[in-house]
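Undergrad: Mind folding the following:
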Amino acid sequence: MNSKGERCSRLGVTKVSAIVLIFALSAIIQINPQRAYGLTNGRASVTGVVAKPGQNVTFEILLNYTASQPVSSITYSLEAQGLPEGWIPRFYYGGQEITSLTIANFNPSVPPPIVDLKIEIPKNETPGHYSFTFLAMGKELQTEDLLLGLTIDVEALRREIKLSTEFPDVTVELGGTAKFTIVLDNIGETDELANLTAELPEGWGLTFTGKPGGIFGVAVPQGQSTIIDVEAKPPEGVAPGVYDIKIRAKSADQVANSMLQLKVAVIKVGIAERTISTLYPEIDVEGVINVFFPITIRNLGTSSLTYRLSQLSVPPGWIVSFRTTPDTTASSVSSIYLVGGDSAILYLEAEPPATVTIGTYAFTIRVTSEEGSSQDLTVTAKLIGSYEVTMELDSLYRQIRAGETSTTMARVTNTGASKLMNVSLEVSAPSDWEVTKTPNYIDTLNPGDFTTITLFLKAPSTADIGDYLIGVRTTSDRAKSTQILLRVNVQSPSLSLWIIGIASIAIAVIAVVLVYLKFGRKR
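TA: As a prediction, the model looks like this:
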């Protein structure tokens, strides 16, 4: 009776130890005991993308099967579930469109297969956040399947048009007509039909002219441009001076619009008129850049003459030249030939030295005709500084486990010409993440200086496994940097399960050994 009781006790302890072993193994490999062969694994290199209506997006999905029993290979049928109506999914492997894929037991020497899931988004899709599921279902074993959650953020198509002209400022004599050639560029992502309007001084008249003649609207396909001629007529008796004209181009819904500022200088004809003049004798400049002054040269006589251009006084370190257009690559000239009564516009380019400081700088130039007469003109450039900040991250990718903290170093540089105040990092992270910066603020950052800010990102312990895009940019009192996307890959906190599993195995083995040692001695 005692021997029978001992055998029952030993069997009971052995069963308990076996159960502990089973659950310990389950904890280690993270599987359900009812799915002992559920060893399909996979991941998407990117789980969320941003797209436009009408675009196609691709997700790369890696699949593998790591159990040779009870079958050595599995055939998976592939589906994309939960897509909006009208979205078309297609699966590709090795460039061939497929609907299913057979995968053999994992071989370390052979790379796992990668399936491309391509999604066609309708052209008229509404912008928004869309979630769906990639599903791979094993045919041989119902326990073998893979579910991956994927997202697509559909953004609205960018609509943007731009009016521009090479010569926004012209001179016209009393009774004359000011003429402009403007360009309308469609730099958006849709075709546009733009209506043309103008804001004029009282009494002025204006016409738009294209290839067919007078126009008031123009159709511009995506990525293309069109040329429009503009004629502005001052009223009779207008007083000499500078007049502003605003040209606007707007789509019917006013989403795409652009405004161009023009100036017309109305002048008298007479002996008092100057040979050399400019509409902008003083220009304010932000930053260390080349300054261009539009200079008008006029032949006030009836005979054709050549006019020589020269510089009288230039601030130390500055370099000046005369160019045909406001461009550093344009032709440089030192003289100009004008028929009697004609005029021309040149551009005085003033290039500052690298060590220039904020302040006002004057330039005096002279135009001399071949007859020997000359006139001088003084213009000034006022450097008022510039505000610009840039940022670099020490890495664009981090990998952490749920509940852990990622550390990233941000190098912030003041690339402007003026001091920046209250410099910090602006971070766009999920609401349940903890974001810490050290230091939180930089009081002052002088031009050319840089500093380092440490960014700490802590993922919650309940964070889903996958990739997260964290937006980081530098902000200050006057400038912001371009946003940089930091990709943080969150993995399962599986280390604790390994510790629990190993500890359970150790306890179970010790229990089994003690049982057999105890009852073995009593035989």
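Undergrad: what residues go with each domain of the protein?
TA: Per the record, the chain has its domains at 2-30+496-521, 38-154, 158-269, 274-385, 389-493, by automatic domain parsing.
Undergrad: Run the chain-centre distance for the fourth one.
TA: Domain 274-385 sits 39 Å away from the centroid of its parent chain (Cα atoms, centre = their mean, to the nearest Å).
Undergrad: and what of stretch 61-79?
TA: Its chain's average C-alpha position is 39 Å from that of stretch 61-79, according to Cα atoms, centre = their mean.
Undergrad: For it, give me every contacting residue.
TA: By Cβ atoms under 8 Å, 6 or more residues apart in numbering, the surrounding residues in contact with stretch 61-79 are 37, 39-45, 89, 91, 98-106, 112-117, 134-141, 144-146, 148. Bear in mind the C-beta positions are built from the backbone N, C-alpha and C, glycine included.
Undergrad: I'd like the distance from residue 323 to residue 361, if you could.
TA: Look at residue 323 and residue 361: by Cβ to Cβ, to the nearest Å, they are 19 Å apart.
Undergrad: swap in residue 80?
TA: From residue 80 across to residue 361, the span is 64 Å (Cβ to Cβ).
Undergrad: again with residue 163
TA: With Cβ to Cβ as the criterion, residue 163 and residue 361 are 32 Å apart.
Undergrad: Could you identify the helix or strand that succeeds the helix or strand bottoming out on mean pLDDT in the chain?
TA: Least confident helix or strand, the chain: helix 2-29 with a mean of 48, by mean pLDDT, DSSP states H and E. Using DSSP states H and E, the helix or strand that follows helix 2-29 towards the C-terminus is strand 40-44.
Undergrad: That following strand pairs with which strands, parallel or anti?
TA: Looking at strand 40-44 with DSSP bridges, its partner strands are strand 56-65 (antiparallel).
Undergrad: Of the contacts of stretch 61-79, just the buried ones, PyMOL syntax please.
TA: This is the PyMOL syntax for the buried subset of the contacts of stretch 61-79, where burial follows 16 or more other Cβ atoms under 10 Å:
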select buried, resi 37+39+40+42+43+44+89+91+101+103+113+115+116+117+134+135+136+137+138+141+144+145+146+148
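Undergrad: Can you tell me which of the contacts of stretch 61-79 end up in strands?
TA: 40-44, 89, 91, 98, 100-104, 114-117, 134-138, 145-146, 148 (DSSP state E).
Undergrad: can you give me the helices for this protein?
TA: Per DSSP state H, the chain carries helices over the ranges 2-29, 495-521.
Undergrad: beta partners of the spatially closest residue to residue 381 that is not a sequence neighbour?
TA: Nearest residue to residue 381 in three dimensions, chain neighbours excluded: residue 291, at 4.5 Å (Cβ to Cβ, 6 or more residues apart in numbering). Beta-bridge partners for residue 291, by DSSP bridges, are residue 350.
Undergrad: Same check on the one 5 residues further on?
TA: Counting by DSSP bridges, residue 296 forms beta bridges with residue 277, residue 345.
Undergrad: what sits against it?
TA: 171, 276-279, 343-345.
Undergrad: Now stretch 438-446: buried residues?
TA: Judged by neighbour count (16+ other Cβ under 10 Å), stretch 438-446 contains these buried residues: 442, 445.
Undergrad: do stretch 60-78 as well
TA: So, applying 16+ other Cβ under 10 Å, buried residues of stretch 60-78: 61, 63-65, 67, 71, 74, 76, 78.
Undergrad: can you count the residues close to residue 173?
TA: 16 (other Cβ atoms under 10 Å).
Undergrad: Hmm, residue 267 and it touching each other?
TA: Yes: with contacts counted by Cβ atoms under 8 Å, residue 173 reaches residue 267, the gap being 6.0 Å.
Undergrad: Return the two entries of the contacts of residue 296 that lie farthest from one another.
TA: Maximum pairwise distance among these (Cβ to Cβ): 14.5 Å, between 279 and 344.
Undergrad: Mind jotting down where the strands sit in the stretch 151-300 of the chain?
TA: Using DSSP state E, counting those that start in this stretch, the strands of the stretch 151-300 of the chain run over 161-164, 169-173, 178-186, 192-199, 205-210, 213-215, 217-220, 225-233, 241-251, 257-267, 276-277, 282-285, 291-298.
Undergrad: who does the fifth one pair up with?
TA: It refers to strand 205-210. The strands beside strand 205-210 in its sheet (DSSP bridges) come out as strand 213-215 (antiparallel), strand 225-233 (antiparallel).
Undergrad: Next, the angle strand 192-199 makes with that strand.
TA: 160 degrees (axes from the mean of the first three to the mean of the last three Cα atoms, to 10 degrees).
Undergrad: between strand 205-210 and strand 241-251, how many degrees?
TA: Counting by the same axes, to 10 degrees, strand 205-210 points 50 degrees away from the direction of strand 241-251.
Undergrad: Just the CA atoms of strand 205-210, as CSV, please.
TA: Extracted as CSV, the C-alpha positions of strand 205-210 are listed here (Å, rounded to 0.1, in the frame of the first residue of the first chain):
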residue,chain,number,x,y,z
GLY,A,205,-6.2,100.1,-68.2
LEU,A,206,-4.7,96.6,-68.6
THR,A,207,-5.0,93.8,-71.1
PHE,A,208,-3.7,90.2,-71.1
THR,A,209,-2.6,88.8,-74.4
GLY,A,210,-1.8,85.2,-75.4
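Undergrad: how about that strand: buried residues?
TA: Of the residues in strand 205-210, those buried (16+ other Cβ under 10 Å) are 206, 208, 210.
Undergrad: where's the dip in pLDDT among those residues?
TA: The member of the buried residues of strand 205-210 with the lowest pLDDT is residue 210, at 80.
Undergrad: Write down the beta-bridge partners of residue 74, one by one.
TA: Beta-bridge pairing of residue 74 under DSSP bridges involves residue 103.
Undergrad: That one and residue 100: what is the separation?
TA: 10 Å.
Undergrad: what's the overlap in contacts for the two?
TA: With Cβ under 8 Å, 6+ apart as the test, residue 74 and residue 100 both reach residue 139.
Undergrad: list the contacts for the residue lying closest to residue 207 once chain neighbours are set aside?
TA: Spatial nearest neighbour of residue 207, excluding adjacent residues (Cβ to Cβ, 6+ apart): residue 231 at 5.2 Å. Residue 231 sits next to 177-180, 206-207, 209 when contact means Cβ under 8 Å, 6+ apart.
Undergrad: Dump those to CSV, plus distance to residue 514.
TA: Shown next, in CSV, are the contacts of residue 231 (distance: Cβ to Cβ, whole Å):
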residue, distance to residue 514
177, 109
178, 105
179, 104
180, 99
206, 102
207, 104
209, 102
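Undergrad: Now do residue 457: how many residues are near it, please.
TA: 23.
Undergrad: now residue 214
TA: By the measure other Cβ under 10 Å, the count of residues near residue 214 is 8.
Undergrad: Would you mind measuring from it to residue 228?
TA: Separation of residue 214 from residue 228 (Cβ to Cβ): 11 Å.
Undergrad: any common contacting residues for those two?
TA: Residues touching both residue 214 and residue 228 (Cβ under 8 Å, 6+ apart): residue 208.
Undergrad: close enough to count as contact, residue 423 and residue 451?
TA: Yes: if you go by Cβ under 8 Å, residue 423 and residue 451 touch, sitting 7.2 Å apart.
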